[in-house]
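A.B. asks: One predicted model, sequence on top.
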Amino acid sequence: MRRRENSTQAKGYDAVISTPVGRIGVILENDALVDVSFLGETTALHAPRTTAAKKVCRQLQAYFTNPNASFCIPLALSGTAFQQRVWRALQRIPAGRTLSYGVLAKKLDTSARAVGNACRANPVPIVIPCHRVVAANGAGGFMGKRSGSALRLKHRLLEHEHAG
């Protein structure tokens with residue numbers, strides 16, 4: 001998961017779409033989603049290049065229309081066995097609900113810090129909803145940041161889900 005504020009080109013993305021939280025770029029390999037990036041508002045929009053990219057974009061737009069919409073997208077994620085285990089657990093957190101890093105860590109028999117590191121490494125936010133994991137006493141971090149635009153984005157995603 002990356003936030004690329006300064007990018008103005010859609011180069012390398014299979015699609016760049018406009019969403020209520022800003023522009024989002026998606027990358028697929030062999031019709032499987034490998035990356036979702038939050039892009040700057042000046043990044044050029046780019047229509048989906050493939051049928052698979054259209055499906056990803058439709059499902060992302062469906063999520064922004066209805067936060068309870070589910071994703072049925074093939075994923076090809078690079079990550080350690082531990083990260084994959086955390087990402088599978090994140091997919092079981094329903095929209096409108098949150099878990100603390102500590103509670104999720106206890107369920108996975110690991111540490112809260114390890115869960116946070118796996119969340120930070122998540123290459124497909126929203127699809128794998130790392131934003132639903134929060135600190136015991138607040139929002140925690142998002143995309144490796146504890147303040148600024150990344151945390152505002154996390155708050156917007158959580159507000160969207162609670163409003164839906």
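C.D. replies: Everything's here; your move. Numbers count the residues shown, from 1 in each chain.
A.B. asks: distance of the residue of the chain most remote from its centre from residue 68?
C.D. replies: With C-alpha atoms, centre = their mean as the measure, the chain has its most outlying C-alpha, relative to the mean C-alpha position, at residue 109: 23.5 Å. Distance from residue 109 to residue 68, counting by C-beta to C-beta, to the nearest Å: 30 Å. Glycine gets a C-beta too; all of them are placed from N, C-alpha and C.
A.B. asks: for residue 50, same thing?
C.D. replies: Taking C-beta to C-beta, one finds residue 50 at 27 Å from residue 68.
A.B. asks: Please work out the average pLDDT along the helix or strand residue 34 falls within.
C.D. replies: Secondary structure from DSSP states H and E places residue 34 in strand 32-39. What strand 32-39 shows for mean pLDDT is 96.
A.B. asks: Output it as CSV, nothing but the C-alphas.
C.D. replies: Taking Å, rounded to 0.1, in the frame of the first residue of the first chain, the C-alpha atoms of strand 32-39 are listed here in CSV:
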residue,chain,number,x,y,z
ALA,A,32,-5.0,-10.8,-10.2
LEU,A,33,-4.8,-7.7,-8.1
VAL,A,34,-1.3,-6.9,-6.7
ASP,A,35,-1.4,-3.3,-5.7
VAL,A,36,-3.9,-0.5,-4.6
SER,A,37,-2.3,2.9,-4.3
PHE,A,38,-3.8,6.2,-3.0
LEU,A,39,-2.7,8.9,-5.5
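A.B. asks: Show the model's pLDDT score for the residue sitting nearest the centre point of the chain.
C.D. replies: Of all residues in the chain, the one closest to the mean position by C-alpha atoms, centre = their mean is residue 125, 0.9 Å from it. The per-residue pLDDT reported for residue 125 equals 95.
A.B. asks: Repeat that for the one 4 residues further on.
C.D. replies: The score at residue 129 is 96. That number is its pLDDT.
A.B. asks: Okay, now the unreliable bits of the protein?
C.D. replies: 1-11, 138-148, 163-164 (pLDDT under 70).
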